[in-house]
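**Q** I'll drop the sequence and a predicted model, then ask my questions.
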Amino acid sequence: MSDELWRLWFQRAKSNLARAELGRQNSDILYEDLCFDAQQAVEKSLKGIMAFLEMDTPKTHSIGYLLKLIEESGKVQVPERLKEAAILTDYAVTTRYPGDWEPIDEAEYKRAVSLAQEVYRWALSLTNQDGEK
């Protein structure tokens, strides 16, 4: 893959993370939507790493699956604490639409953003581009 592709993934991840970090600026903004941005930041960060490592990037929202593929490549060891980010997949699938789920509260939102920040920083550090945070 080109050098540009992984950079584009990280640009999109950074955008999603920035939106998630902005928070609930008024009551019309749902925590569910902010958590979706956190999930997207993680998904795009992982796909950025995959492109950087010259791996195929599957069309999936599954954070757990992406982490598994990265680890199985043998090119990168995923820190154990970051594997918890797999729980963010629900924000791309389940909570994205009205339905049968519990509303997300501020504490859950903050945890999602924290996980997204950790994964983004870790993934970016693998490219030796730490300064682009």
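**A** Received, thanks.

**Q** right, and the helix or strand after the helix or strand of the chain with the lowest mean pLDDT?
**A** Every helix and strand of the chain was ranked by mean pLDDT, DSSP states H and E. The lowest is helix 89-93, at a mean of 91. Next in sequence after helix 89-93, counting helices and strands by DSSP states H and E, comes helix 106-126.

**Q** Name the residues of that following helix that are buried.
**A** For helix 106-126, burial by neighbour count (16 or more other CB atoms under 10 Å) applies to 108-109, 111-113, 115-120, 122-124, 126. For glycine as for every other residue, the C-beta is placed from the backbone atoms N, C-alpha and C.

**Q** residues of the least confident helix or strand of the chain that come out buried?
**A** For helix 89-93, a neighbour-count test (16+ other CB under 10 Å) marks Thr89, Asp90, Tyr91, Ala92 as buried.

**Q** Distance to Trp101 for these - can I get that in CSV?
**A** Listed next are the buried residues of helix 89-93 as CSV, based on distance: CB to CB, whole Å:
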residue, distance to Trp101
Thr89, 13
Asp90, 8
Tyr91, 10
Ala92, 13
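
**Q** Tell me who's in contact with Thr89.
**A** Contact analysis of Thr89 by CB atoms under 8 Å, 6 or more residues apart in numbering lists Gln39, His61, Ser62, Ile63, Gly64.

**Q** Sitting in helices, which of those do you find?
**A** Gln39, Ile63, Gly64 (DSSP state H).

**Q** Return the member of the residues you listed nearest to Ala85.
**A** Nearest to Ala85, judged by CB to CB, of those is Ile63 at 5.3 Å.

**Q** Looks like Phe10 contacts Lys44 (just checking).
**A** Yes - judged on CB atoms under 8 Å, Phe10 makes contact with Lys44 at a distance of 7.4 Å.

**Q** Quick check: PyMOL command selecting the buried ones in the ones in helices among the contacts of Thr89.
**A** Remark: buried members of these, expressed as a PyMOL selection using 16+ other CB under 10 Å:
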select buried, resi 39+63
